[in-house]
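In: attaching a predicted model along with its sequence, questions to come.
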Amino acid sequence: MLVDTDVLIWYLRGHLKAAQTLDSLVDLHLSAVTYMELVQGCRDKQELERLKKDLAHRKAAILPISEPVSQRAVALVEMHALSAGLLLADALIAATALEHNLHLLTGNAKHFYPVQGLKIVQFEP
């Protein structure tokens, strides 16, 4: 399962359902984009260290922005940026899920609705 940034933010803010959802996952993956968004949200080095330790404890795999992910994201932006407003970060996250054949756990399904073939699991906070 590829976990979108919003679900991890809910979890980091202490949301019980988000924690339970993450606890139920056998394999937790996140895009390098999601990881960078989480790092940018840290307020200090201690918070960053807590994030890194938590992800390591959960054995979270951070998936890189590889050439195939990048190429697919470019195609998604070309197809959906003008018609549906698909943003860069969401295109990279969707492309990561598609390239690795992973379901995407997100509370923002509307951000990803135009992406054909993307398997979305809706998180309801």
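Out: Yep, that arrived. Numbers count the residues shown, from 1 in each chain.
In: please count neighbours and contacts with C-alpha atoms only from this point.
Out: OK.
In: where along this protein do the strands fall?
Out: Using DSSP state E, the strands of the chain run over 2-3, 29-31, 61-63, 104-106, 120-122.
In: among these, which comes closest to residue 49?
Out: Nearest to residue 49, of all the strands of the chain, is strand 61-63, at 15.8 Å by C-alpha to C-alpha.
In: so what strands line up beside that closest one?
Out: If you go by DSSP bridges, strand 61-63 pairs up with strand 29-31 (parallel).
In: ok, and what's touching the strand it pairs with?
Out: Here strand 29-31 makes contact (C-alpha atoms under 8 Å, 6 or more residues apart in numbering) with 1-4, 60-65, 92-93, 96.
In: longest helix of the chain?
Out: Identified as the longest helix of the chain according to DSSP state H is helix 67-84.
In: report the rounded mean pLDDT for stretch 64-82.
Out: Stretch 64-82 shows a mean pLDDT of 98.
In: for that stretch, buried residues please.
Out: Of all the residues in stretch 64-82, those buried under the rule 16 or more other C-alpha atoms under 10 Å are 65, 69-70, 72-74, 76-77, 80-81.
In: check stretch 26-33 too.
Out: Neighbour counts using 16+ other C-alpha under 10 Å place 28-33 of stretch 26-33 among the buried residues.
In: what of stretch 30-46?
Out: 30-35, 38-39.
In: in JSON lines: those residues, plus pLDDT.
Out: Output for the buried residues of stretch 30-46, formatted as JSON lines (pLDDT from 0 to 100):
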{"residue": "30", "pLDDT": "98"}
{"residue": "31", "pLDDT": "98"}
{"residue": "32", "pLDDT": "98"}
{"residue": "33", "pLDDT": "98"}
{"residue": "34", "pLDDT": "98"}
{"residue": "35", "pLDDT": "98"}
{"residue": "38", "pLDDT": "98"}
{"residue": "39", "pLDDT": "98"}
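In: thank you kindly, that will do.
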